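*Asks:* After the sequence you'll find the predicted model.
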Amino acid sequence: MSQQAKPFSDTVFPTPQCDHVLTTNASRHDKVPGVVKKLLNSWSTKDCYDHISPVSIPSQEKIVEIVLQARRILFPGYFTRTKLHAANLEYYIGKQTTDLYDKVVEQITMAIRHDCRRNNLPCTNCDEQSHRKGLAIIESLPGIAAILATDIRAALDGDPATMSPDEVIFCYPGLLATLIFRIAHEFYLLDIPVIPRIMTEYAHSITGIDIHPGATIGPGFFIDHGTGVVIGETTVIGKNVRIYQGVTLGALSLPRDAGEKMRNMKRHPTIEDNVIIYANTTILGGKTVIGEGSIIGGNIWLTESVATNTKVLLKRPELIYSES
């Protein structure tokens, strides 16, 4: 006859034995104040960063919210929970855009005030500046929407794997990184501190595509796959350019003290119209120009200019086969 199982509530579990039971005598709370004093002393001697001030600093979280809200406005119906139709579209876009204006002005004000404090600048009437620049950002949205339409068309023309513009908008990291760049670039053109970099580094973190907001990129831009793409601050890219994963448009090696000396110099290449750059290619230098209509193959390293309508390819490597 089988033994009847005991109810779970009657089951007796052995008490675990522990040789390291935490007691009041083991507490080290008394050591924490000493660490706090060391931190305070450390901050008091730093000359490269600190933010112990009543002046508010821009919020990274709220700047990301601005990016996402701008995306909802630029692609109405794609990233919203509200069902949009002809009767409520104007109301929805109006409400979203007005709300975006308020958020943009708030963050611009914080960025300007923080920059003034950081650099001991005289008062620049930051409230008036913030509203003027905030309106300029809102006024740039129709132009951004128009150029994004050319970027989507470039993806459809350049990638036979895509089935529809919806797929490009929802799924392509290259378009997302380009969208965020185009928003951040408008902030950059208005000399708004820190905010454009927060935006593009957010894009970098979620797509693996690193585009500096200072780059100049024409319409019809398409990044295929995208992971590992790097585009430097002074890069100039023309119309209808296509690049693939792992492409770097960067600067030549710089000396340690180059930060201030080369800050306003052109350090990154120029890519003219209708150029294709294949995967894992590196193009460096402010004087390097890739001529219109050229095709640069994969795994190329370039530090010199290329004439128009030129193909640059690597010689086929010799493969060695051996028995395993």
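*Replies:* Good, I have the coordinates.
*Asks:* what's the domain layout of this structure?
*Replies:* Residue ranges for the domains of the chain, per automatic domain parsing: 56-208, 228-324.
*Asks:* Include mean pLDDT, distance to Gly220 and mean neighbour count when you put the ones you listed into CSV, please.
*Replies:* For glycine as for every other residue, the C-beta is placed from the backbone atoms N, C-alpha and C. As requested, the domains of the chain are exported to CSV (pLDDT from 0 to 100; distance: least, CB to CB, whole Å; neighbours: other CB atoms under 10 Å):
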stretch, mean pLDDT, distance to Gly220, mean neighbour count
domain 56-208, 95, 4, 17
domain 228-324, 93, 4, 16
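*Asks:* and those as CSV, adding distance to Thr216?
*Replies:* Output for the domains of the chain, formatted as CSV (distance: least, CB to CB, whole Å):
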stretch, distance to Thr216
domain 56-208, 8
domain 228-324, 5
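*Asks:* and of those, who's closest to Asn41?
*Replies:* Ranking these by proximity to Asn41 (CB to CB) places domain 56-208 first, at 21.6 Å.
*Asks:* re the thing from before, closest one to Gly34 among the domains of the chain?
*Replies:* The nearest among the domains of the chain, by CB to CB, is domain 56-208 at 28.5 Å.
*Asks:* re earlier: so which of the domains of the chain comes closest to Ile217?
*Replies:* Closest among the domains of the chain, using CB to CB: domain 228-324, at 4.5 Å.
*Asks:* All the helices of the stretch 1-150 of the chain, residue numbers only.
*Replies:* Taking DSSP state H, counting those that start in this stretch as the test, the helices found in the stretch 1-150 of the chain are 32-45, 60-74, 89-119, 126-158.
*Asks:* Ile183: which of these is closest?
*Replies:* helix 60-74 (5.4 Å).
*Asks:* re the thing from before, which among the domains of the chain is found nearest to Lys37?
*Replies:* Among the domains of the chain, domain 56-208 sits nearest to Lys37 (CB to CB), with 24.6 Å.
*Asks:* first to last residue in the closest one, what's the distance?
*Replies:* End-to-end distance for domain 56-208: 30 Å, by CA to CA, to the nearest Å.
*Asks:* can you start the count at 54 instead of 1 from here on
*Replies:* Okay, using 54 as the starting number, the last item reads as domain 109-261.
*Asks:* distance between that domain and the chain's centre?
*Replies:* Domain 109-261 has its C-alpha centroid displaced from the chain centroid by 11 Å (CA atoms, centre = their mean, to the nearest Å).
*Asks:* cool, stretch 347-355 as well?
*Replies:* 25 Å.
*Asks:* Just the C-alphas of that stretch, formatted as PDB.
*Replies:* C-alpha atoms of stretch 347-355 as PDB (Å, rounded to 0.1, in the frame of the first residue of the first chain):
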ATOM      1  CA  SER A 347      32.000  56.800 -56.900                       C
ATOM      2  CA  ILE A 348      31.700  53.300 -55.400                       C
ATOM      3  CA  ILE A 349      34.000  52.400 -52.500                       C
ATOM      4  CA  GLY A 350      34.200  48.700 -51.800                       C
ATOM      5  CA  GLY A 351      34.200  46.900 -48.500                       C
ATOM      6  CA  ASN A 352      37.200  46.800 -46.100                       C
ATOM      7  CA  ILE A 353      38.900  49.800 -47.700                       C
ATOM      8  CA  TRP A 354      41.100  52.300 -45.800                       C
ATOM      9  CA  LEU A 355      41.300  55.700 -47.500                       C
END
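*Asks:* Quick one: residues in contact with it.
*Replies:* Under the contact criterion CB atoms under 8 Å, 6 or more residues apart in numbering, stretch 347-355 has outside partners 297, 325, 328-337, 341, 343, 359-367.
*Asks:* give me that answer again for 7 Å
*Replies:* Applying CB atoms under 7 Å, 6 or more residues apart in numbering, the set of residues contacting stretch 347-355 from outside is 328-336, 341, 343, 359, 361-367.
*Asks:* Repeat that for stretch 118-130.
*Replies:* Taking CB under 7 Å, 6+ apart as the rule, stretch 118-130 contacts 132-133, 137, 142, 146, 149-150, 153, 156-157, 160, 194, 197-198, 201, 222, 232-233, 236, 252, 255.
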